[in-house]
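Asks: Sequence and computational prediction follow.
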Amino acid sequence: MTRLALTVALAFALPSLASAQEAQSVRLGFFPNLTHAPALVGLERGTFQKALGKVKLEPKEFVSGTTLTEAFAAGQIDIAYIGPGPAINAIGRGMPVQIIAGASEAGAVLVARKDSAIKSYKDLAGKTVAVPSLGNTQDISLRHILNENDLKSKADGGNVTITPVAPADVMAAFAAKRVDATLVPEPWGAVLEAQGHRIIGTEKTVWRGGNYPTTIVIVNAKFAQANPALVTAFLKAHTDAVAFLNKSPAAAQAAVNKQLLALTGAKIDLRVLQRAFARTRFTTALDPAALKEYAALNVEAGYARSAPDLTPFLRK
Amino acid sequence: MTTLDHAGPARPARGPSRWVALAWQLLGLVLILGVWWLLTDVLKLYPPYVFPGPKAVWTEISYGLWGSGPQDGKLLSAIGGSLRRMLTGYLIAVALGVLVGLLMGAWRPLRTTLGAYLTGIQSVPSIAFVPFAILFFGLNERAALAVVILEGFIPMALAVSGALLNVPPALRVAGRTLGANALGLTLRVLLPASLPNILTGLRTAWSFAWRALVGGELLIGGVASLGEQLEVGRNTANVALVLATIIIIGLIGGLFDALLRTFEGRVRRDYGLEVPQ
């Protein structure tokens, strides 16, 4: 009996022993969105791999922050580009998260299907609105917009149906009239706009006059502790990628487009991508005040009961 | 949950033996909770965001069921939504299943064709039908309902047609000899005679439909449902909420199963299929 108990205990304990001290590889999580352009550019131009030297970079793509968080919790992601919503949730649950830099700001728009009657936020009453996934950054933004307009989601007793649809699949969902509107990160807003769908909320009216983080860079705190040099090297590569995006937008757009095509199979018109670029800002700066407000929105959306103090989780 | 399943098909437990069984079940529950608590809260083998302890799960249950904050009580409304959807779907499925089952029982060609197909379809996991149902009905609860009806209907139809075939020929002959026509024979002889087997079908249909419901709700989202609670828990890294929802799904499933089992057992006893000890 005791031996059985010991075996059981060991079997449960083994996975936690598996995390090695000196990393042989860096597992990077990101999404195929324009708001993750620093990741896309860094991958396309080999900036990250160059900075990491002999340590192998293993990029892993996700559809939304919520699936990425799962992988993070399972210890399969070391560094990630992620929205503030899931990052704050992860911190609230006690995951070893450290926020090390900003990546992009604004770059999310609310698009209504062209044959729907939706012209303003108020018209969302009784409609179905898609977000990349429940609990992600755009979902939290959408719930705030609804709140501001005296609307409520169906699950909260209101009449707006919020449904999760991957941004790249919204086009098909619009065509089949399964959803009436969507709050998506770029370039998917510009792609939908190019197909004649209507933007009813721009990156500025969605929240905070456009001054909100859409993507930030997080690192597994245990990984950071064991591999400070790797994290510093990655951070430098990230800064380079952001600088490249701001200095040579044309070349950066080509690089982003190449990665998006490879990852999603969607070939995006360069003019569409330019429009999406114009609505997104790339910066490594972090606005603690905006993050704090996000944490409050997360509570308002009903995804947390209290907002965690983020100060200890920000890299100084 | 699982403890209820082992209660056996209506073992006529009377007097002290029922209390003994209950004591064993309680002991089992305490043991499970104890091991769970030991692994998580005491030994801390896993971080709480991977495997939370019973206390964290209890917090979610209490907030979700009787919390009074603005974001509380969601589990309760989810249970309400899921049960309403379930009962609607189940009643339609049972009605359809009885009808088709009767037709299959009465008409051999239908039994050999449709019956075989239904057995085949039954082996497809319900979740596989959800994307198809979404295309037909849209991303809404009708899609989930459609899958529930399909999953409940098949075991019901198969149980009814099978039960009719298992009626002893003597009863059929007796009914005919006493002058019953086809309808009378079906309604007043065959159906009553196959009641015990039909009740087993009702129970199977319930468990199939319940599983299908939660699977469907996971994908449709947007309405108050247990499936959505699972999805929200997953998406907000709230594993305690996921576990709380799993426990509630299991409890409700087990409770209804026990209810139907009691009813089934009583009927089987009345039919002399179980011998009271």
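Replies: Now that the structure is in, tell me what you want to look at.

Asks: Quick check: the gap between the nearest residue to residue B:74 once chain neighbours are set aside and chain A.
Replies: With sequence-adjacent residues excluded and distances taken as CB to CB, 6 or more residues apart in numbering or on different chains, residue B:74 is closest to residue B:64, at 5.5 Å. Where you see a C-beta, it was placed from the backbone N, CA and C, and this is true even at glycine. Going from residue B:64 to chain A by CB to the nearest CB, to the nearest Å gives 11 Å.

Asks: Against residue A:126, how distant is the residue of the stretch 201-316 of chain A found nearest chain B?
Replies: At 4.0 Å from chain B, residue A:302 is the closest residue in the stretch 201-316 of chain A, using CB to the nearest CB. Relative to residue A:126, residue A:302 is positioned 21 Å away (CB to CB, to the nearest Å).

Asks: Quick one: mean pLDDT over whichever strand or helix holds residue B:57.
Replies: Using DSSP states H and E, residue B:57 sits within helix B:54-66. For helix B:54-66, mean pLDDT rounds to 90.

Asks: Buried residues of it, list them for me.
Replies: Under the neighbour-count criterion of 16 or more other CB atoms under 10 Å in any protein chain shown, helix B:54-66 has B:54, B:56-57, B:59-61, B:63-65 buried.

Asks: Which elements pack onto the longest strand seen in chain A?
Replies: Across chain A, the strand with the greatest residue count (assigned by DSSP state E) is strand A:97-106. On a contact count with 3 or more CB pairs under 8 Å, 6 or more residues apart in numbering or on different chains; DSSP states H and E, strand A:97-106 meets helix A:37-44, helix A:84-92, helix A:203-206, strand A:213-220, helix A:221-226, helix A:228-247, strand A:280-282.

Asks: For the residue nearest the centre of chain B, grab phi and psi.
Replies: Geometric centre of chain B, nearest residue: residue B:207, 2.3 Å, by CA atoms, centre = their mean. The phi/psi pair for residue B:207 (degrees, to the nearest 10) reads phi -70, psi -30.

Asks: Likewise for residue A:164?
Replies: The phi/psi pair for residue A:164 (degrees, to the nearest 10) reads phi -80, psi 130.

Asks: Quickly list what it is bridged to.
Replies: Beta bridges link residue A:164 to residue A:131, judged by DSSP bridges.

Asks: same deal with residue A:61?
Replies: With DSSP bridges as the rule, residue A:61 is bridged to residue A:30.

Asks: thinking again about what came up before, pretty sure the residue nearest to residue B:74 sits against residue B:75.
Replies: Yes: in this structure, residue B:64 is within contact of residue B:75 by CB atoms under 8 Å, at 2.8 Å.

Asks: intersection of neighbour lists for those two?
Replies: Taking CB atoms under 8 Å, 6 or more residues apart in numbering or on different chains as the criterion, residue B:64 and residue B:75 both touch B:229, B:244.

Asks: what number of residues lie near residue A:147?
Replies: Residue A:147 is flanked by 16 other residues according to other CB atoms under 10 Å in any protein chain shown.

Asks: So residue A:308 sits against residue A:93, correct?
Replies: No: taking contacts as CB under 8 Å, residue A:308 lies outside contact range of residue A:93: 9.2 Å.

Asks: Which one of these two is surrounded by more residues?
Replies: Higher neighbour count among residue A:308 and residue A:93: residue A:93, with 23 against 18, using other CB under 10 Å.

Asks: Now that one, what are its backbone angles?
Replies: phi -90, psi 0.

Asks: contacting residues for it?
Replies: Here residue A:93 is in contact with A:73, B:48-49, B:237-239 (criterion: CB under 8 Å, 6+ apart).

Asks: Contact residues of chain A facing chain B?
Replies: Within reach of chain B by CB under 8 Å from any CB of the partner chain, chain A has these residues: A:9, A:12-13, A:16, A:66, A:69-70, A:73-74, A:86, A:89-90, A:92-95, A:128, A:133-136, A:153-155, A:157, A:161-165, A:173, A:176-179, A:299, A:302-305.

Asks: Please spell out the PyMOL selection for the buried subset of these.
Replies: Buried residues among the residues of chain A next to chain B (16+ other CB under 10 Å), as a PyMOL selection:
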select buried, chain A and resi 66+69+70+73+86+89+90+92+93+95+128+133+134+135+136+153+154+155+161+162+163+164+165+173+178+179+299+302+303+304
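
Asks: Would you check that the residue nearest to the centre of chain B makes contact with residue B:255?
Replies: No: shown here, residue B:207 and residue B:255 do not form a contact pair, counting by CB under 8 Å, at 11.9 Å.

Asks: Name the residues of stretch A:185-199 that come out as buried.
Replies: Neighbour-count burial for stretch A:185-199 [16+ other CB under 10 Å]: A:185-194, A:197-199.

Asks: And the residues you listed, which two are furthest apart?
Replies: A:185 and A:198 (17.7 Å; CB to CB).

Asks: What confidence value was assigned to residue A:4?
Replies: pLDDT at residue A:4 comes out at 54.

Asks: mind listing the helices for the stretch 101-250 of chain B?
Replies: Applying DSSP state H, counting those that start in this stretch to the stretch 101-250 of chain B gives helices spanning B:108-122, B:130-137, B:141-165, B:169-177, B:182-184, B:191-193, B:195-220, B:226-235, B:239-270.

Asks: Which among those helices is found nearest to residue A:208?
Replies: Residue A:208 lies closest, by CB to CB, to one member of the helices of the stretch 101-250 of chain B: helix B:226-235, at 23.0 Å.

Asks: Which neighbouring elements make contact with that closest one?
Replies: Packing contacts for helix B:226-235, counted by 3+ CB pairs under 8 Å, 6+ apart, involve helix A:65-73, helix B:74-106, helix B:195-220, helix B:239-270.

Asks: Could you export stretch A:93-110 as PDB, CA atoms only?
Replies: C-alpha atoms of stretch A:93-110 as PDB (Å, rounded to 0.1, in the frame of the first residue of the first chain):
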ATOM      1  CA  ARG A  93      -4.100  32.600 -11.000                       C
ATOM      2  CA  GLY A  94      -0.500  32.600  -9.700                       C
ATOM      3  CA  MET A  95       1.300  31.500 -12.900                       C
ATOM      4  CA  PRO A  96       5.000  32.500 -13.000                       C
ATOM      5  CA  VAL A  97       4.600  35.300 -15.400                       C
ATOM      6  CA  GLN A  98       6.800  38.300 -15.800                       C
ATOM      7  CA  ILE A  99       5.900  41.100 -18.200                       C
ATOM      8  CA  ILE A 100       9.100  42.200 -19.900                       C
ATOM      9  CA  ALA A 101       8.100  44.600 -22.700                       C
ATOM     10  CA  GLY A 102       5.300  46.100 -24.800                       C
ATOM     11  CA  ALA A 103       4.900  45.100 -28.400                       C
ATOM     12  CA  SER A 104       1.900  46.800 -30.000                       C
ATOM     13  CA  GLU A 105      -0.800  49.300 -29.100                       C
ATOM     14  CA  ALA A 106      -4.300  49.900 -30.500                       C
ATOM     15  CA  GLY A 107      -4.900  47.800 -33.700                       C
ATOM     16  CA  ALA A 108      -8.300  46.400 -32.800                       C
ATOM     17  CA  VAL A 109     -11.500  47.400 -34.600                       C
ATOM     18  CA  LEU A 110     -15.100  46.500 -34.400                       C
END
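
Asks: Show the average pLDDT along that stretch.
Replies: Rounded mean pLDDT across stretch A:93-110 is 93.
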